[in-house]
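**Q** I would like the atomic coordinates for the input below:
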Amino acid sequence: MSGVIENTVAEFDKVTAEAKSLFGNLTSTQLNWKPSAEKWSIAQCLDHLIVSNSTYYQQFEKVSSGNHKNSFYQNIKFISKFFGDYLIKETGAVVAKPMQSPAAFVPSQSEIAGTIVSDFEKHQKEFSVAIQQLENADLDKTIISSPALKIITYSFTDVLTVLVGHEQRHLTQAKNVLKDESFPKKLE
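**A** From the prediction side, this is the model:
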């Protein structure tokens, strides 16, 4: 397995283990509690990762099956380099300012099932398998379009870096909800 893929899967495993450890025993009420109307709950953070990651499945399948060809636009290297660098910086684990999620990535706004942590764990395993199936792709030369906006293109190496940072960012966001002084404690 390539180092990039191996590191990506290892980072996904860490996020999954930490989410399960921190949130696995919370009630549905705790998982859905929000610090304020404009902030996300723990459940929404995890749902957002499932929703946003899932938008990549079709392109991952196309690449892993050998049916992807870079378009003329995707082959304009400075464009994909620009967007890759920008997204790594703006969607990483630590960012200077919050970003609004594209409509395609917005989590459910209603009550999310209390199974969200196990749903997230299942999704992470499936997504890691999809990533491992990219083993034969040239990750630097394979360019895909963002599922959120087709004009944004980036290499698969950059996609994997963005995905790891994005997961770490929203895990931190969920941990901050848990640390909020108003977070509902479990009733014994």
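
**Q** any idea which helix or strand comes after the helix or strand of the chain at the bottom of the mean pLDDT ranking?
**A** The helix or strand of the chain with the poorest confidence is helix 77-90; it has a mean of 87 (mean pLDDT, DSSP states H and E). Per DSSP states H and E, helix 77-90 leads on to helix 116-132 as the next helix or strand towards the C-terminus.

**Q** before we move on, which element is Tyr154 in?
**A** With DSSP H and E as the criterion, the answer for Tyr154 is strand 153-155.

**Q** neighbouring strands for that strand, and are they parallel or not?
**A** Sheet pairing of strand 153-155 (DSSP bridges) gives strand 143-145 (antiparallel).

**Q** Work out the gap between the least confident helix or strand of the chain and the centre of the chain.
**A** Mean-position distance between helix 77-90 and its chain equals 17 Å (Cα atoms, centre = their mean, to the nearest Å).

**Q** With stretch 7-23 instead?
**A** In this view, stretch 7-23 has its centroid 12 Å away from the chain centroid, taken as Cα atoms, centre = their mean.

**Q** So which residues make contact with it?
**A** Contacting residues not belonging to stretch 7-23 are listed as 1, 31, 42, 46, 117, 120-121, 124-125, 127-128, 131-132, 160, 163-164, 167-168, 171, 174-175, 178 [Cβ atoms under 8 Å, 6 or more residues apart in numbering]. To be clear about C-beta, it is placed using only N, CA and C from the backbone, and glycine gets the same treatment.
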